[in-house]
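**Q** return a 3D structure for these sequence lines:
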Amino acid sequence: EVQLVESGGGLVQAGGSLRLSCAASGLTFDDHVIGWFRQAPGKERERVSYISSSDGRSWYADSVKGRFTISGDNAKNTIYLQMNTLKLEDTAVYYCAVGPAPGSWDYWGKGTLVTVSS
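**A** The predicted model follows:
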C-alpha cells in the first residue's frame with residue numbers, strides 16, 4: 001500500500017519560514033514526479049511545485065517562485081518544501097502527490113496545515 005505522509009505544517013508569522021516534508025512508503029521516488037499542492041479555504045487546489053526524481057528538474061508556481069524550494073532525499077524517500085518569506089496568502093492545507101508525470105498524480109497525502117499570521 002502506498003502512503004504519503006506530510007509533516008511540518010504549523011502556525012508561523014508572516015515573513016517566517018517552514019519546511020514541509022513528504023515521506024513515502026510503498027513506493028520509491030525513482031522515475032516519478034513528486035509535487036506539492038495547496039488548497040486555501042474556499043479556493044481551488046493549486047499546484048505549488050514539483051520535482052522530477054529522474055533528472056532533478058523542478059517547477060514552481062509564480063506565486064511562490066523565489067520563496068519556496070523543493071528538494072528530495074532519495075535515500076529517505078522524502079521530499080521537502082522549504083518555504084521562506086511566508087505571506088498571509090500562503091495559508092492553506094499543503095498536500096504532496098506522486099505520479100509518473102506532471103499532471104498525472106496517482107497518490108496523494110492527507111495534507112498538513114500551514115497558517116501564516118500577521
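**Q** quick one: find the helix or strand in this structure with the lowest mean pLDDT.
**A** strand 68-73 (a mean of 94; mean pLDDT, DSSP states H and E).
**Q** residues of that strand that come out buried?
**A** The neighbour-count check on strand 68-73 (16 or more other C-beta atoms under 10 Å) flags Phe68, Thr69, Ile70, Gly72 as buried. Placement of C-beta: from N, CA and C, glycine included.
**Q** which one is the last one nearest to, not counting chain neighbours?
**A** With sequence-adjacent residues excluded and distances taken as C-beta to C-beta, 6 or more residues apart in numbering, Gly72 is closest to Ile79, at 4.7 Å.
**Q** please report the distance of Val2 from Thr115.
**A** 28 Å (C-beta to C-beta, to the nearest Å).
**Q** how about the residue nearest the centre of the chain, secondary structure?
**A** The centre of the chain sits closest to Trp36, judged by C-alpha atoms, centre = their mean, with a distance of 2.8 Å. Three-state assignment for Trp36 (DSSP: H, G, I helix; E, B strand; the rest coil): strand.
**Q** thought Val98 was touching it, still the case?
**A** No. Trp36 is beyond contact range of Val98, at 11.0 Å (criterion: C-beta atoms under 8 Å).
**Q** looking only at neighbour counts, state which of Val2 and Thr115 leads.
**A** Using other C-beta atoms under 10 Å as the criterion, Val2 and Thr115 rank with Thr115 on top: 15 against 11.
**Q** and the least confident helix or strand of the chain, what other elements does it pack with?
**A** strand 33-39, strand 46-52, strand 58-60, strand 78-83 (3 or more C-beta pairs under 8 Å, 6 or more residues apart in numbering; DSSP states H and E).
**Q** apply 6 Å and report the result again.
**A** For strand 68-73, the elements it packs on are strand 46-52, strand 78-83, judged by 3 or more C-beta pairs under 6 Å, 6 or more residues apart in numbering; DSSP states H and E.
**Q** partners of the last one, with directions?
**A** Going back to what we said before, that points to strand 78-83. strand 18-25 (antiparallel), strand 68-73 (antiparallel) (DSSP bridges).
**Q** show me the shaky parts of the protein.
**A** Along the chain, no part satisfies pLDDT under 70.
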